[in-house]
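K.L.:
Sequence first, predicted model second:
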Amino acid sequence: VVWLWTKSRRNYPSNIPPFPSTPLPIVGHFLLMGGNRRDKIQVWRKVAGDIFSLDLGGQLNILVNNFSTIKEIWVKHADYIVNAQDSFAVQLIGEHDKGITSARDDNWKEQRTTSLSILRSLGMGKNVMADKIQEEVSCVLEKIASFKGQPEDVRLLLNISVSNVICSVAVGKRFDYEDPFFVHFILQLIDAVKYLRSVAILTPFKYLYYLPGDLFNAKRWTKASTELNEKFGKAYVNKIKQDFDAHEDPENFIAAYIKEMKKLRDKGIQTHLDEENLVAIVRLLFLAGTETTSITTLWCLLYMLHYPEVQEKVYREIEANVGTERIPNMSDKPKLVYLNAVIMETQRFASLVPIGILREVSDTFKVGGFTFPKGSILWPVLDSVHYEKKIWGDPENFRPERFIDKNGALINREELIPFSIGRRICLGEALAKMELFLFLSALFQRFKFEPADSSGKLPTLKESFGSYLCAPAFQTEVHRT
Ligand code: HEM
């Protein structure tokens, strides 16, 4: 107890952002972290203001809830928050300073720049990638058509088909929807994403991990993540390494990374590129490139059950501008203004990543009269920005028209930040935007999604809060063709 008390003794400067309530000895606000954290943050915000502090076992955490301060810190003061929090989750799987999200300083810079340039060379944001996505879209359309209108839960199907896009980029292979090997990894991935939040909260209280049982799902999370690394990431890195030919143009991320690594080493240039980083990146691409985009698509389908008039308007727009003979492609995007607005409103309303990556403050700085001390952890609460009344007027309503001006043109609002902002903005933004457009335009062109319950009862919009705000399980009937 004396050790815990000493460790958690607070010695904060006087002008840090206020606490919503007095921290308890030793645990601080830890006991308040369970339950619906999304609602709690809004309650604390009312008490303590847009920028407030929480004490987690002696670790100062500062939550930033307004757009202007997030922008000021994440863009103008980016140098102070280069590194993500060195979380316990990362230590559990031995990935301190590995991959991209957990990589630090120069290592992060090199891994991010190399990964981005490889993804671009493989077509991210270009037509080659659009073709790859469209192949997958055609497969998913056939699969949904085979349901013949029967009620279905399409979550796993969307997970697998979206994942196929990033898999074809990362490991050069797509998988059948029923492939037991791949379905198993998708289920592991869902677990890894689901439990991450509860493991993350253990960071200041690592010793709780050693209690009997698995109260914080940390053991389940470690098992899922280790299996993804060993049997998926490492297995593919080894396989591609064996078949690697330095004279061939690399056709997937792993081969391109190995080629770059060898090139730098052969030239005697010091580099952070190595296999451990590569395995961590493959898992990250698989994780970040699957659930995010497929759950956003799922939210959009769910909203369409609730707002059938929006779905009808989207269909009419596609019918008038693209027709129904061919599936939409990227050159149709500027013509489908309403669909673009629906996608933007879905990203705002679903607020998929409610809190961006937590950052470590590397040196004390001041913003808005508050001190952000060295060693404190910053939370960018993107959810608060997406539901800010002062920005959106009626944030509680699903209203795509807010993104269209009176001349019928699309409005790009800088406050819409589902991919976060600053130097560590989502690496896959261009890919995700392309996927969302190609999947959703084709789905709404070919099918009409309706509630499966014949009494007209709509599935709930209540999310479950893992690392993402996940759409609830729901069934939908599909008609039109
Ligand atoms: C709708 C889909 C997506 C959303 C909403 C989303 C959102 C985000 C957010 C909020 C961050 C944190 C950025 C920060 O805190 O500064 C992030 C980081 C990241 N995302 Fe995405 N993402 C999506 C799709 C993807 C895809 C398809 C990929 C795959 C290429 C991807 C790869 C990454 C990576 C590698 C990072 C870490 C970047 C870094 O730490 O430097 N994301 N994403």
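P.N.:
Everything's here; your move. For clarity, every value in this text was computed on a predicted model and none was experimentally measured.

K.L.:
residue contacts, the residue of the stretch 351-481 of the chain found nearest the ligand?
P.N.:
Nearest residue of the stretch 351-481 of the chain to the ligand, counting by CB to the nearest ligand atom: Gly428, 2.1 Å away. All C-beta spots, glycine's among them, are computed from the backbone N, C-alpha and C. Gly428 is in contact with Leu119, Met124, Ile166, Leu285, Ala288, Gly289, Thr292, counting by CB atoms under 8 Å, 6 or more residues apart in numbering.

K.L.:
Count the neighbours of the residue nearest to Lys462 when sequence neighbours are not counted for me.
P.N.:
Nearest residue to Lys462, sequence neighbours excluded (CB to CB, 6 or more residues apart in numbering): Pro472, at 6.1 Å. Neighbourhood size, Pro472 [other CB atoms under 10 Å]: 14.

K.L.:
what does Pro373 give?
P.N.:
18.

K.L.:
Check Tyr338 too.
P.N.:
With other CB under 10 Å as criterion, Tyr338 counts 20.

K.L.:
So which elements touch the helix or strand harbouring it?
P.N.:
Assigned by DSSP states H and E, Tyr338 belongs to helix 337-350. If contacts are counted by 3 or more CB pairs under 8 Å, 6 or more residues apart in numbering; DSSP states H and E, helix 337-350 sits against helix 291-306, helix 308-321, helix 429-446.

K.L.:
Residues in contact with the shortest one: which ones?
P.N.:
Applying CB under 8 Å, 6+ apart, the contact partners of helix 308-321 are 303-304, 324, 328, 332, 335-339, 342, 398, 400, 441, 444-445, 448-450, 480.

K.L.:
Alpha carbons of that helix, as CSV, please.
P.N.:
This file holds the C-alpha atoms of helix 308-321, laid out as CSV (Å, rounded to 0.1, in the frame of the first residue of the first chain):
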residue,chain,number,x,y,z
PRO,A,308,-35.7,5.0,-45.7
GLU,A,309,-36.3,8.3,-47.5
VAL,A,310,-32.5,9.0,-47.5
GLN,A,311,-31.9,5.5,-49.0
GLU,A,312,-34.5,6.2,-51.7
LYS,A,313,-32.9,9.6,-52.5
VAL,A,314,-29.5,7.9,-52.8
TYR,A,315,-30.9,5.3,-55.1
ARG,A,316,-32.6,7.9,-57.3
GLU,A,317,-29.3,9.9,-57.5
ILE,A,318,-27.4,6.8,-58.6
GLU,A,319,-30.1,5.8,-61.1
ALA,A,320,-30.1,9.3,-62.7
ASN,A,321,-26.3,9.7,-62.8
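
K.L.:
gap between it and the chain center?
P.N.:
How far helix 308-321 lies from its chain's middle: 28 Å, per CA atoms, centre = their mean, to the nearest Å.

K.L.:
Okay, buried residues for it please.
P.N.:
Val310, Gln311, Lys313, Val314, Tyr315, Glu317, Ile318 (16 or more other CB atoms under 10 Å).

K.L.:
before we move on, what about stretch 90-102?
P.N.:
Of all the residues in stretch 90-102, those buried under the rule 16+ other CB under 10 Å are Val90, Leu92, Ile93, Glu95, Asp97, Lys98, Gly99, Ile100, Thr101, Ser102.

K.L.:
Same list, those residues, but as TSV with distance to the ligand and secondary structure please.
P.N.:
Output for the buried residues of stretch 90-102, formatted as TSV (distance: CB to the nearest ligand atom, whole Å; DSSP: H, G, I helix; E, B strand; the rest coil):
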residue	distance to the ligand	secondary structure
Val90	12	helix
Leu92	19	helix
Ile93	17	coil
Glu95	13	coil
Asp97	13	coil
Lys98	12	coil
Gly99	8	coil
Ile100	5	coil
Thr101	4	coil
Ser102	8	coil
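
K.L.:
out of those, what pair is the most spread apart?
P.N.:
Leu92 and Ile100 (18.0 Å; CB to CB).

K.L.:
give the contact list for the residue most central in space within the chain.
P.N.:
Taking CA atoms, centre = their mean, the centroid of the chain lies closest to Thr292, which sits 4.5 Å from it. Applying CB under 8 Å, 6+ apart to Thr292 gives the contacts Leu352, Val353, Gly428, Ala432, Tyr468.

K.L.:
hmm, back to that, same list (the buried residues of helix 308-321) but as TSV, adding distance to the ligand and pLDDT.
P.N.:
Shown next, in TSV, are the buried residues of helix 308-321 (distance: CB to the nearest ligand atom, whole Å; pLDDT from 0 to 100):
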residue	distance to the ligand	pLDDT
Val310	19	98
Gln311	20	97
Lys313	22	98
Val314	18	98
Tyr315	23	97
Glu317	22	98
Ile318	21	98
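
K.L.:
List just the nearest of these to Ile258.
P.N.:
Looking across the buried residues of helix 308-321 and measuring by CB to CB, the closest to Ile258 is Ile318, at 41.8 Å.

K.L.:
Show me how far the longest helix along the chain is from its chain's centre.
P.N.:
Counting by DSSP state H, the longest helix found in the chain is helix 180-200. Remark: helix 180-200 is offset 14 Å from the chain centroid, using CA atoms, centre = their mean.

K.L.:
what's the answer for stretch 439-449, then?
P.N.:
23 Å.

K.L.:
likewise stretch 64-71?
P.N.:
For stretch 64-71, the separation from the chain centroid amounts to 19 Å (computed by CA atoms, centre = their mean).

K.L.:
what comes up buried for that stretch?
P.N.:
For stretch 64-71, the neighbour count (16+ other CB under 10 Å) marks Val64, Asn65, Asn66, Phe67, Thr69, Ile70, Lys71 as buried.

K.L.:
Switch those over to TSV; also include pLDDT.
P.N.:
Listed next are those as TSV, based on pLDDT from 0 to 100:
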residue	pLDDT
Val64	98
Asn65	98
Asn66	97
Phe67	98
Thr69	98
Ile70	98
Lys71	97
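
K.L.:
Now do stretch 328-344: everything it contacts.
P.N.:
Stretch 328-344 has contacts (CB under 8 Å, 6+ apart) with 127, 130, 134, 300, 310, 313-314, 317-318, 321-322, 400-404, 408-410, 413, 416, 434, 436-438, 440-442, 444-445.

K.L.:
ok, residues contacting the one helix or strand Ile70 maps to?
P.N.:
Element membership for Ile70 (DSSP H and E) is helix 67-71. Under the contact criterion CB under 8 Å, 6+ apart, helix 67-71 has outside partners 50-51, 64, 367-368, 380, 382, 385, 388, 391, 414-415, 417, 421.

K.L.:
how about stretch 199-219, does it get close to the ligand?
P.N.:
No: figure legend: stretch 199-219 not in contact with the ligand (CB under 6 Å from any ligand atom); closest approach 13.3 Å.

K.L.:
Which residues of the protein lie near the ligand?
P.N.:
Residues of the chain lying near the ligand (CB under 6 Å from any ligand atom): 100-101, 112, 166, 284-285, 288-289, 292-293, 296, 352-353, 356-357, 418-420, 422, 424-428, 431-432.

K.L.:
buried sites along the following helix or strand past the longest helix of the chain?
P.N.:
Per DSSP H and E, helix 180-200 leads on to helix 218-227 as the next helix or strand towards the C-terminus. Within helix 218-227, the residues scored as buried using 16+ other CB under 10 Å are Ala218, Arg220, Trp221, Thr222, Ala224, Ser225, Thr226, Glu227.
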